[in-house]
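*Asks:* can't give you the sequence, but here's the structure:
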């Protein structure tokens, strides 16, 4: 049993499939709702950290003053070698904390699109991360690869889709945790972004991929067990 803390940036982006997986394995979940002004936890109060997504940018300090405190917190978590998973904005924040730049991607990527694994993937992750997979995306920005980190995935629309830093910081630009319900909630809150674009799917097409949600959720389960060593 482990204490898993997670950071939430907006009320409509939760853990998705991750929540049920960790609860079923008997782990204790704790959340800081940054959007609600919750205090960040003591560094010795959790065994692993998950940093979720959100529509804001990593440099939007004027609009979200807690971003600066969060970045400092993430730097301290990384320094302690605490296993940390970042998803979308969470991955961008981790990249920023590690000294990499976050920039606008040439294209917004919203919907189901394939990613391809790079040759640099470490051996311990290779069994749980397929060479090619179609995943759920919702992002307009992208991260650079931090120094001493390895790039794990790329796509036609986005060169940097995932990175691993020193085996204890894992960042995914895409979403393996998204369920059909959480995708519908995201669409309801961010529908304004569903404009015409080469890499933007329609609402109907995104939600009609029923089996795809199961496939990415199963991959997320494998990643969590390997990366966090959460064997239940």
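*Replies:* Sure thing, it's come through. These numbers were taken from a predicted model, which means no experiment stands behind them.

*Asks:* surely residue 213 forms part of a strand?
*Replies:* No. Secondary structure of residue 213, determined by DSSP: H, G, I helix; E, B strand; the rest coil: helix, with no strand assignment.

*Asks:* mind listing what it touches?
*Replies:* Listed by C-beta atoms under 8 Å, 6 or more residues apart in numbering, the contact set of residue 213 reads 136, 178, 179, 180, 183. In this view, the C-beta of every residue, glycine as well, is placed from N, C-alpha and C.

*Asks:* mark which of the residues you listed are buried, thanks.
*Replies:* 136, 178, 179, 183 (16 or more other C-beta atoms under 10 Å).

*Asks:* across the sheet, point out what pairs with the most centrally placed residue in the chain.
*Replies:* In the chain, the centroid-proximal residue (C-alpha atoms, centre = their mean) is residue 87; its distance is 0.7 Å. According to DSSP bridges, the residues that bridge with residue 87 are residue 172.

*Asks:* in TSV: the buried ones among the contacts of residue 213, plus pLDDT, distance to residue 19 and secondary structure.
*Replies:* Below are the buried ones among the contacts of residue 213 laid out as TSV (pLDDT from 0 to 100; distance: C-beta to C-beta, whole Å; DSSP: H, G, I helix; E, B strand; the rest coil):
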residue	pLDDT	distance to residue 19	secondary structure
136	98	16	strand
178	98	12	coil
179	97	10	coil
183	97	15	helix
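
*Asks:* export those residues to a markdown table and tack on distance to residue 222?
*Replies:* Compiled in a markdown table, those are given as follows (distance: C-beta to C-beta, whole Å):
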| residue | distance to residue 222 |
| --- | --- |
| 136 | 16 |
| 178 | 16 |
| 179 | 16 |
| 183 | 20 |
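
*Asks:* which pair of the residues you listed spans the longest distance?
*Replies:* The distance between the two most remote of these (C-beta to C-beta) is 9.6 Å, for 136 and 179.

*Asks:* you'd agree the residue nearest to the centre of the chain is up against residue 51?
*Replies:* Yes. In this structure residue 87 lies within contact range of residue 51 using C-beta atoms under 8 Å: 7.0 Å.

*Asks:* where does the chain have low pLDDT?
*Replies:* Across the chain, residues meeting the criterion (pLDDT under 70) sit at 230-232.

*Asks:* that one: strands as residue ranges?
*Replies:* Using DSSP state E, the strands of the chain run over residues 3-8, 28-33, 48-51, 84-87, 102-117, 132-143, 149-154, 162-165, 169-172.

*Asks:* not counting the first one itself, show me its contacts.
*Replies:* Contacts of strand 3-8 from elsewhere in the structure, counted by C-beta under 8 Å, 6+ apart, are 14-15, 22, 27-35, 40-41, 45-52, 70, 90, 228.

*Asks:* cutoff 6 Å now
*Replies:* Around strand 3-8, the neighbours that count as contacts under C-beta atoms under 6 Å, 6 or more residues apart in numbering are 22, 27-33, 41, 46-52.

*Asks:* for residue 150, what are its contacts?
*Replies:* With contacts taken as C-beta under 6 Å, 6+ apart, residue 150 has the following neighbours: 120, 164.

*Asks:* how far away is it from residue 23?
*Replies:* Noted for residue 150: a distance of 31 Å to residue 23, by C-beta to C-beta, to the nearest Å.
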